[in-house]
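Engineer: with the sequence up front, the predicted model follows.
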Amino acid sequence: ISFLSQKDLDGEKLSQPLPIVIDWTEQMKFHGRENRAVFLGRVHATGESTTTFDCDQLLIEFVDAAPSQTSSRSDPWDLLEPLVNQFKPKRDDAKSSLPATRFSKEPVYLLAEGNAVAESSDLEPDSGAILSRSRISGPRLSVNLRPESSRMLIEGAGNLQLEDFRPVASKTQATAKPSD
């Protein structure tokens, strides 16, 4: 499943809505009125290709984001419309399916359970080269993306790996004083 979001999975505000893609092997339960989805079985979630979550079970709570196109209809089940449209018979009239861009969701809380791994990379904007990368894992990982209480919690024994690929500043650059 994929949906458009103004935020990446790490809570970073994006300049334009980009897709968040979630794959799973067993089942997905979407509770539309509650704006909540549960994914089961080797779950892989990725957003803007720099943040990923892998786990056995993933719960995501959403908030409705401002739609990217004007729509007179708003329904929490709209998130599933692109999936449903794949199985509808194709018709020639343009009104047979609504554009997927008329709704968007933003993740506000993630709970990854069972072999949870979160990876994130910071990229150099011009070249796309990796500047730094982090990987955190544990049995249960929760991420609150709400602006007023943004935080991550690992419950149980885990592992944290930080990598910094930025070049080391030369000694002359580090000790040079800025000119007046």
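Structural biologist: Nice, thanks for sending it over.
Engineer: just name the shakiest helix or strand of the protein by mean pLDDT.
Structural biologist: Sorted by mean pLDDT, DSSP states H and E, the helices and strands of the chain end with helix 81-87, the least confident at a mean of 51.
Engineer: partner strands of the next helix or strand after that one, with direction?
Structural biologist: Once helix 81-87 ends, the next helix or strand along the chain (criterion: DSSP states H and E) is strand 105-123. Its sheet considered, strand 105-123 pairs with strand 51-64 (antiparallel), strand 130-144 (antiparallel) by DSSP bridges.
Engineer: among these, which is the most enclosed?
Structural biologist: When the strands paired with strand 105-123 are scored by mean count of other Cβ atoms under 10 Å, the highest mean neighbour count falls to strand 51-64 (a mean of 20). C-beta here means a position set from N, CA and C on the backbone, and glycine is covered the same way.
Engineer: what sits closest to residue 156 if chain neighbours are left out?
Structural biologist: residue 139 (4.1 Å; Cβ to Cβ, 6 or more residues apart in numbering).
Engineer: now do residue 29
Structural biologist: Spatially, and ignoring its direct neighbours in sequence, residue 29 is nearest to residue 38 (4.6 Å; Cβ to Cβ, 6+ apart).
Engineer: quick check, the one you found in contact with residue 55.
Structural biologist: No. If you go by Cβ atoms under 8 Å, residue 38 and residue 55 don't touch, sitting 11.5 Å apart.
Engineer: on that earlier part again, can I get the strands paired with strand 105-123 in TSV with distance to residue 13?
Structural biologist: As requested, these are exported to TSV (distance: least, Cβ to Cβ, whole Å):
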stretch	distance to residue 13
strand 51-64	13
strand 130-144	15
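Engineer: quick check: residue 56 vs residue 5, distance?
Structural biologist: As defined by Cβ to Cβ, to the nearest Å, residue 56 lies at a distance of 23 Å from residue 5.
Engineer: how about CSV for the strands paired with strand 105-123, with mean pLDDT and distance to residue 22 added?
Structural biologist: Formatted as CSV, the strands paired with strand 105-123 follow (pLDDT from 0 to 100; distance: least, Cβ to Cβ, whole Å):
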stretch, mean pLDDT, distance to residue 22
strand 51-64, 91, 7
strand 130-144, 93, 14
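Engineer: between those, which gets nearest to residue 154?
Structural biologist: Closest approach to residue 154 among these is made by strand 130-144 (4.0 Å; Cβ to Cβ).
Engineer: quick one: strands adjacent to the next helix or strand after the closest one?
Structural biologist: Downstream of strand 130-144, the first helix or strand assigned by DSSP H and E is strand 151-155. Note on strand 151-155: by DSSP bridges, its sheet partners are strand 130-144 (antiparallel).
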